[in-house]
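Asks: I'll drop the sequence and a predicted model, then ask my questions.
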Amino acid sequence: MSDRDTLTPGRRRGLLLVLSSPSGAGKTTLSRRLLAADDSITMSVSVTTRPPREGEVDGKDYHFISVAQFERMRAGGELLESAKVFDNYYGTPRTQVEAALAAGRDVMFDIDWQGTQQLGAEMDDDLVRIFVLPPSAAALEERLKSRAKDPPEVVARRMAKASGEISHWAEYDYVLVNDDIDRCERAISQILRVERLRRKRQIGLVDFVRSLQAEL
């Protein structure tokens, strides 16, 4: 008998919420808004080998580590997923995610299709995949330029990569077009409400139903 069958009926196991999109399509803004509005969600803090950007805090935005540390974690099975993005490595520590799920908390991921595939191979039953599309290529380019964080050559690289990223849209459970940030946020909240009610996430439901039947 698994842990989820022996615990108190009415509780639920947490889920893994993945938001993927081309850079500039709005997933970071959506993630921040959802985290601010929903106390049941926690953001997965990835490890990365890239240097911190201005304002980023180690342990909050990312765990900033060396390439050698990253390789040790990956070789030791400590990462649920890992990927190389724009010459830097990223990965998700296994322990923190498993602890959150067992405690009934949802974990949000801002990762690409490669990481999503790896996460699915490890924990597919817990995974809810959402792909966020921009309303147009022109809108995507404008958003990238307006952020004023990257030089023109980096913007060009991100635009060139966008088509390949979008080609994986069919691997996701839900696909949203972010033509209005408020509407897109509401849609994700609705998805969360439904996914939290799925039978497979209800802890102790089998034993509860059996005991209920026995009383009838």
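Replies: Here it is on my side, so go on.

Asks: does Glu165 really touch Gln114, like I thought?
Replies: No - using Cβ atoms under 8 Å, Glu165 is not in contact with Gln114, being 9.6 Å away. Where C-beta positions appear, they are placed from N, C-alpha and C, glycine not excepted.

Asks: which residues of the protein score low on pLDDT?
Replies: 1-10, 147-150 (pLDDT under 70).

Asks: which stretches of it form helices?
Replies: Secondary structure of the chain by DSSP state H: the helices cover 3-6, 27-37, 67-75, 94-102, 113-123, 137-147, 152-166, 181-196, 205-215.

Asks: check contacts around the residue nearest to Gly26 when sequence neighbours are not counted.
Replies: Of all residues beyond its chain neighbours, the one nearest Gly26 is Asn178 (4.3 Å), with distances taken as Cβ to Cβ, 6 or more residues apart in numbering. Listed by Cβ atoms under 8 Å, 6 or more residues apart in numbering, the contact set of Asn178 reads 21, 25-26, 30, 132-135, 184.

Asks: Could I have the buried ones of those residues as PyMOL selection syntax?
Replies: Selection of buried members from the contacts of Asn178 for PyMOL, criterion 16 or more other Cβ atoms under 10 Å:
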select buried, resi 21+25+26+30+132+133+134+184
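
Asks: Save the contacts of Asn178 as TSV, and put in distance to Ser66 too.
Replies: As requested, the contacts of Asn178 are arranged in TSV below (distance: Cβ to Cβ, whole Å):
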residue	distance to Ser66
Ser21	29
Ala25	31
Gly26	32
Leu30	31
Val132	32
Leu133	35
Pro134	34
Pro135	40
Cys184	37
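
Asks: All set now, cheers.
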